[in-house]
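Participant: Provided below are the primary sequence and the corresponding predicted coordinates.
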Amino acid sequence: MPNIKSSKKAVKVIAKKTDENHELKQRVKNLITSCEKEIVAGNKEEATKIFKDLQKNIDKALQKGLIKSNKVDREKQRLSAKIKNMK
């Protein structure tokens, strides 16, 4: 445990930011899996709705540096191609 007051505050701030970052990464992962489930189920409208929400969250994670840009591009491209090829 730190002794200096500013160090104690820094520990709290870091813990809070870590929790927020973890929550955002989990949200992105959950949106990817739910989008893939909707694609398998054949619900194109629901899949596109989830995909739009995914794009917003995954771009936010990219901005924060939680996910690398190549992974973001790859995930977006794969899911959009799957949605596009749905009948």
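Facilitator: Happy to help now that I have it.
Participant: From now on I want contacts and neighbour counts done on CA atoms only, so please keep to that.
Facilitator: Will do.
Participant: List of residues touching stretch 22-37?
Facilitator: 47, 50, 51, 53, 54, 57, 58, 61, 66, 79 (CA atoms under 8 Å, 6 or more residues apart in numbering).
Participant: host element of the residue nearest to the spatial centre of the chain?
Facilitator: In the chain, the C-alpha nearest the mean C-alpha coordinate belongs to residue 28, at 2.3 Å (CA atoms, centre = their mean). Secondary-structure assignment from DSSP states H and E places residue 28 in helix 5-41.
Participant: Pull out the buried residues from the very next helix or strand once past that helix.
Facilitator: Beyond helix 5-41 on the C-terminal side, the first helix or strand identified by DSSP H and E is helix 44-64. Neighbour counts using 16 or more other CA atoms under 10 Å place 44, 47, 48, 50, 51, 54, 55, 57, 58, 59, 60, 61 of helix 44-64 among the buried residues.
Participant: Just the angle for helix 44-64 relative to helix 5-41, thanks.
Facilitator: Angle, helix 44-64 to helix 5-41, by axes from the mean of the first three to the mean of the last three CA atoms, to 10 degrees: 150 degrees.
Participant: Just give me the closest of the contacts of stretch 22-37 to residue 4.
Facilitator: Of all the contacts of stretch 22-37, residue 4 sits closest to residue 66, with 29.4 Å by CA to CA.
Participant: Quickly note the distance from that closest one to residue 24.
Facilitator: 9 Å (CA to CA, to the nearest Å).
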